[in-house]
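In: Turn this into a model:
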Amino acid sequence: MISWSYLSAPSRGCARRLVWQTIGYICANCETRYIARTRRALDRHSAGIQRIQSHLRRCFGRPDVREYSTINNDIDTELAARIDRIPISRYRNFSIVAHVDHGKSTLSDRLLELTRTIPIGSVGQFLDRLDVERERGITVKAQTCTMLYVYNGEDYLLHLVDTPGHVDFRAEVSRSYASCGGALLLIDASQGVQAQTVANFFLAYSLGLELIPVINKIDLGHANIPRALEQIETMFELDSDTAISVSAKRGTNVEKILPAVVERIPAPANNIDKPLRCLLVDSWFDTYLGVILLINIADGVLKRGDKVISAHSRKRYEIKDLGILHPDRKPMPHLKTGQVGYAVLGMKTISEALVGDTIMHIGNEVEPLPGFEEPQPMVFVGAFPAEGIEFQTLDDRINQLVLNDRSVSIQRENSNALGQGWRIGFLGTLHASVFQDRLQKEYGASLIITAPTVPYKVLWKDGSETVIRNPDDFPDPAIQKTKVKDLLEPMVKAIMSFPQEYLGDVIELCENNRGTQVDMTFLSQGNQVLLLYLVPTSHLVDDFFGKLKGLTKGYATLDYEDAGYQSAPLVKMQLLVNGNSVDALAQVMHRSLAEKRGREWVKRFKKFLRAQLFETVIQAAIGSKIVSRETIAARRKDVLAKLHASDITRRQKLLRNQKEGKKNLRMIGKVTIPQEAYQGFLSKSE
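Out: Presented below is the predicted three-dimensional model:
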């Protein structure tokens, strides 16, 4: 049995009283934890005592539990004293960066186990705290952890950052670099260097970080270690002899990584005697504590009770709590130069915590640290409550989720078809998908999401410019002729890596998506190609990566970066039902795509509309010009059924009256479009 005397997470603080007792149970066999603030709360918890008992029966064959009690805000004096004895020269701050699915989180688990930060055999992907991260097997938010490592008989303080691998979350990677002196450049031995690996390398190299190449997954049967070593030398100009070959899953050679970190990554500068300067690296919201900051102490010492000021907002705060993440929150009496930890300043809203801000002592203000460039949303979607969900309830849930994702922009909007909703901006399509998954799984909320759009620019003849994020705001053709000087669409530089045999298909895909070739490089003796294309962002968000994966049988990788705006003939296409515009389905697109897309729209939307008592006309229109049309015939009642033998004029009269009635009904009738029609039309599946 392992005796647990302290536990800080997932415990919560209290707004009025930061010290309270936590009651819980720990399985003596596998260390599974069940906690609550009181024993009564544990009984009411969804897990329940029965779940605890059944778990322990599986482990022991009998319901044997041991109770523990802890004060979650007490300082671990022994741990604090041990850290204080470590000089700054034995601090090492580093991150793990790689392409998605190259094993970053698994390697982080092995390093945490190696330093005894977590028990051996703990749940996999320990630093991936979100359910959606575990389900999808990706890292969405950069996670940090402080480790104590003994090397040559001396204690070292290591700070690890596990970063996302997908390009949509590159802002998390760039922020993590600010608190690091080096990085582990992780490469999958079976796949070699891929697009995001290249992007992360150049970002780290530009910041002067010390890079340690690590080749992972050497245990796989199709692992090609010599190819990976060659790519390290030819692409990154790093010495392949310094690369470390490991299997993070099996733990092979992982013990060689931390000595390399100690020997090759430099320690932070010793600025402990300078005035305090803390860089705000990240922030998240806690229901009881308010805003919690992740800070990097660049200069000086920060203590509990210190009076500080924000360089950005000029607001003043008092340090109510601070400490390290080891791996959960561990309160400390102070943080000093070179350390990365958390701080609670009593901020009430996340908007007060500007990422990249500098925190300083009141009365001893110095020049702020260089901050970060705020990530700009590249994809915008309209979001509306599904049928049966109250707008205000869903609004509260969305805003709660936005509190912990600073890269999401949100504003309310109204649709004639779908009612009240939101226009939400994301960094990419995966980011939008993850946000929707979190909303559904964490809050049980359901949304109707419109097709993704990108921000366009309108240059007016009076010299001003406007960024259009909602297709409804796009100027009509009549206004364009008189007031608009030019229309601009956003572009990206897309870096693709794939086997050479698929080169022709990929080039054809890029050309069909209005791409312009910029560069082409052959890697690994011509077996791998690195292709650089300038592609409109609107095509990139239209499942470009999915098409690329399909053409290359899953071997292609994609990375992209903003490339500014470019002039283009843009039009807004609307869907009309009996002459009435369905505003939720309007899109801005290149003029060359309008006719083909219009025919697809009307045929597709026709599938989801029911026949009315009058004729229903579905049209795709650009301004007053109709691009395509489909008609749903009216349901017809058999008015001649009551006639058996009668004069032909009687039959003609009944049919004529029916025709006139339908004509009048069409003039006053209104087509009610059910929400299932919107959901079906907007879904990707046919």
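
In: make it CA atoms for all contacts and neighbour counts henceforth
Out: Noted.

In: just checking, Leu322 touches Lys336?
Out: No: judged on Cα atoms under 8 Å, Leu322 makes no contact with Lys336 at a distance of 11.3 Å.

In: Can you name the next helix or strand after the worst-scoring helix or strand of the chain on mean pLDDT?
Out: Of all helical and strand segments in the chain, the minimum by mean pLDDT, DSSP states H and E falls on strand 66-71, at a mean of 34. Next along the chain after strand 66-71, taking DSSP states H and E as the criterion, comes helix 77-84.

In: and that next one, how far from the chain's centre?
Out: 36 Å (Cα atoms, centre = their mean, to the nearest Å).

In: Ok, stretch 578-598 next?
Out: Worked out by Cα atoms, centre = their mean, stretch 578-598 lies 29 Å from the chain centre.

In: Buried residues of that stretch, list them for me.
Out: 578, 581-590, 594-595, 598 (16 or more other Cα atoms under 10 Å).

In: Kindly format the C-alpha coordinates of that stretch as CSV.
Out: Only the C-alpha atoms of stretch 578-598 are listed here, as CSV (Å, rounded to 0.1, in the frame of the first residue of the first chain):
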residue,chain,number,x,y,z
ASN,A,578,-40.4,31.0,-52.5
GLY,A,579,-38.5,34.3,-52.8
ASN,A,580,-37.6,34.5,-49.1
SER,A,581,-33.9,34.5,-48.2
VAL,A,582,-32.8,31.8,-45.7
ASP,A,583,-30.1,34.0,-44.1
ALA,A,584,-28.6,31.2,-42.0
LEU,A,585,-27.4,29.5,-45.1
ALA,A,586,-25.8,32.4,-47.0
GLN,A,587,-22.1,32.2,-47.9
VAL,A,588,-19.5,34.3,-49.4
MET,A,589,-17.4,32.6,-52.2
HIS,A,590,-15.3,33.1,-55.2
ARG,A,591,-17.4,33.9,-58.3
SER,A,592,-16.0,30.9,-60.2
LEU,A,593,-17.6,28.6,-57.7
ALA,A,594,-21.0,30.1,-57.5
GLU,A,595,-22.8,28.3,-60.4
LYS,A,596,-21.6,24.8,-59.4
ARG,A,597,-22.2,25.4,-55.7
GLY,A,598,-25.6,26.8,-56.4
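
In: isn't Lys348 right up against Tyr288?
Out: No: applying Cα under 8 Å, one finds Lys348 not in contact with Tyr288, separated by 10.2 Å.

In: Return the residues in contact with Lys461.
Out: By Cα atoms under 8 Å, 6 or more residues apart in numbering, the contact set of Lys461 is 483-485.

In: Throw together a ChimeraX command that grabs the buried residues out of those residues.
Out: Here is the ChimeraX command that picks out the buried ones among the contacts of Lys461, judged by 16+ other Cα under 10 Å:
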select :484
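
In: CSV please, covering the contacts of Lys461 and showing distance to Leu209, secondary structure and pLDDT.
Out: As requested, the contacts of Lys461 are exported to CSV (distance: Cα to Cα, whole Å; DSSP: H, G, I helix; E, B strand; the rest coil; pLDDT from 0 to 100):
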residue, distance to Leu209, secondary structure, pLDDT
Lys483, 50, helix, 90
Val484, 47, strand, 90
Lys485, 45, strand, 91
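
In: re earlier: the buried residues of stretch 578-598: which two are farthest apart?
Out: Asn578 and His590 (25.4 Å; Cα to Cα).

In: Am I right that Glu511 sits in a helix?
Out: Yes: the assignment for Glu511, made by DSSP: H, G, I helix; E, B strand; the rest coil, places it in a helix.

In: Near it, how many other residues are there?
Out: Counted with other Cα atoms under 10 Å, residues neighbouring Glu511 total 14.

In: do the same with Leu570
Out: 19.

In: mind listing what the closest residue to it other than its chain neighbours touches?
Out: Once flanking residues are discounted, Leu570 sits nearest to His590: 4.7 Å by Cα to Cα, 6 or more residues apart in numbering. His590 sits next to 568-571 when contact means Cα under 8 Å, 6+ apart.

In: Would you reformat those residues as CSV and include distance to Ile244 and pLDDT?
Out: Shown next, in CSV, are these (distance: Cα to Cα, whole Å; pLDDT from 0 to 100):
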residue, distance to Ile244, pLDDT
Ala568, 48, 91
Pro569, 52, 92
Leu570, 51, 91
Val571, 53, 91
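
In: Just say helix, strand or coil for Ala298.
Out: Per three-state DSSP, Ala298 ends up strand.

In: any idea how far the residue lying farthest from the centre of the chain lies from Lys659?
Out: The C-alpha centroid of the chain is most remote from Asp647, which lies 73.0 Å away (Cα atoms, centre = their mean). Distance from Asp647 to Lys659, counting by Cα to Cα, to the nearest Å: 19 Å.

In: What number of residues are in the vicinity of Ser176?
Out: Per other Cα under 10 Å, the neighbour tally for Ser176 reads 24.

In: Give me the average confidence score over whichever strand or helix holds it.
Out: According to DSSP H and E, Ser176 maps onto helix 170-177. The average pLDDT within helix 170-177 is 68.

In: hmm, who's touching the strand or helix carrying Asp559?
Out: Element membership for Asp559 (DSSP H and E) is strand 557-567. Here strand 557-567 makes contact (Cα under 8 Å, 6+ apart) with 167, 194-196, 199, 457, 486-498, 534, 545, 549.

In: so how far is stretch 433-448 from its chain's centroid?
Out: For stretch 433-448, the distance to the chain centre is 13 Å (Cα atoms, centre = their mean).

In: and what of stretch 532-540?
Out: 20 Å.

In: What are the boundaries of the helices in the stretch 51-200 of the chain?
Out: Assigned by DSSP state H, counting those that start in this stretch, the stretch 51-200 of the chain shows helices spanning 77-84, 104-114, 131-136, 170-177, 195-206.

In: I should have written the stretch 551-686 of the chain there, sorry.
Out: Under DSSP H, counting those that start in this stretch, the stretch 551-686 of the chain gives helices at 594-606, 648-668, 675-682.
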